[in-house]
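1. Need a 3D model of the sequence below.
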Amino acid sequence: RLEDDDLIEFRSDDRMEDYSPALRLELRKAKSRRDAYIKIHEDMGMKIPNFSQYVSNEQNYIKLGQYIRNLLNVSFETQKNWILNSNGNRDSTHNSFLNHWKEILFDMGILVFETKDVLASEISGCSLYYDTCPIILLNGKNYYNRRIFTLMHELAHLIRKESAICDVDKYNRKETFCNKVAAEILIPKETLKDLDLFTKDKHILKVANLSNFYDVSKQSIVYKLYDSRLISNELKNEWINQLEQYNQQKRKKDLEKRKKSEPRIPITTRKRKQDGTPFTKLVLDAYENNVITATQAMRYLDTS
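-> Model prediction:
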């Protein structure tokens, strides 16, 4: 069991001081939510799924990605509809994709939370392994499709029975492996077989269409096409450079928009985002059934 001041594999205890107070707070809050989640289940006589049944020692990233994709049990026909919002309109932000994946991971016994004030430059996410109720913590400041990729990256860590804080270290072998697993989960190599027309056209606009279909970033699509030997190294570099320039301009515009008018997010929406809908719902159900007091509910949801 990880105690509050334990820091996770890949990082020694003294590295804890290298992380911001905001990140250290989020780690403690995530563990506290997990403790509350387990206690409420015990008080209500409810069973918690045992996640350890899914652990795998597979060393081939394609096979591990396929294994995890089978566990998730989502067909591409189902996934195609996720781009539609509740009104039936196309939503290219990938918000609905993220929510669907979160629900599926919850059914496997995983608690998914998001940070509030941790800088995107500090971490992408982290995973805390437990046999029951492992935790995935996503950086809430990242774009939706980045969070989706991080979600699958952290899932790969948990399936390997690993806990990790994941930054942007591209040269860490374990991180590279989990990145490849995440790409295989979200963009299975076998589904790229019918892209002959795409590879002949060599048109970057088609990357956007694939990005929306697979619910990942355009960069992830490009790297997966290259890893699958469907495009050349030169074309990969050309497209990545174009995308980086586009993203820099987009980030600049987004920052200017936020400076002009910072949107006010309703507290219920914000709490569902940070705490996860399943956790929030459980606490509210426990309160309504007199299992916990109003004070406890406010403390568990950090609204006191």
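2. And the helices in the stretch 201-304 of the chain, which stretches?
-> Secondary structure of the stretch 201-304 of the chain (DSSP state H, counting those that start in this stretch): helices at 205-214, 218-227, 233-260, 267-275, 277-288, 294-300.
3. Residue 167 is nearest to which of these?
-> Proximity to residue 167 (Cβ to Cβ) singles out helix 218-227 among the helices of the stretch 201-304 of the chain, at 17.0 Å. (Each C-beta comes from the backbone N, C-alpha and C, glycine too.)
4. Make CSV out of the helices of the stretch 201-304 of the chain and add mean neighbour count.
-> Compiled in CSV, the helices of the stretch 201-304 of the chain are given as follows (neighbours: other Cβ atoms under 10 Å):
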stretch, mean neighbour count
helix 205-214, 17
helix 218-227, 21
helix 233-260, 12
helix 267-275, 16
helix 277-288, 17
helix 294-300, 16
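5. out of those helices, nearest to residue 103?
-> Among those, helix 277-288 sits nearest to residue 103 (Cβ to Cβ), with 7.6 Å.
6. mind checking how far the closest one is from the chain centre?
-> Offset of helix 277-288 from its chain centre (Cα atoms, centre = their mean, to the nearest Å): 22 Å.
7. Just the CA atoms of it, as CSV, please.
-> Taking C-alpha atoms only, helix 277-288 is exported to CSV below (Å, rounded to 0.1, in the frame of the first residue of the first chain):
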residue,chain,number,x,y,z
THR,A,277,-18.7,11.1,-12.1
PRO,A,278,-18.7,7.6,-10.5
PHE,A,279,-17.0,9.0,-7.3
THR,A,280,-19.3,12.0,-7.1
LYS,A,281,-22.4,9.9,-7.7
LEU,A,282,-21.4,7.4,-5.0
VAL,A,283,-20.8,10.1,-2.4
LEU,A,284,-24.2,11.7,-3.2
ASP,A,285,-26.0,8.3,-3.1
ALA,A,286,-24.4,7.5,0.3
TYR,A,287,-25.5,10.9,1.7
GLU,A,288,-29.1,10.4,0.3
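8. helices or strands up against that helix?
-> helix 21-43, helix 95-107, strand 111-114, helix 294-300 (3 or more Cβ pairs under 8 Å, 6 or more residues apart in numbering; DSSP states H and E).
9. circling back to that earlier point, by mean pLDDT, show me the worst of the helices of the stretch 201-304 of the chain.
-> In terms of average pLDDT, helix 267-275 trails the rest of the helices of the stretch 201-304 of the chain, at a mean of 63.
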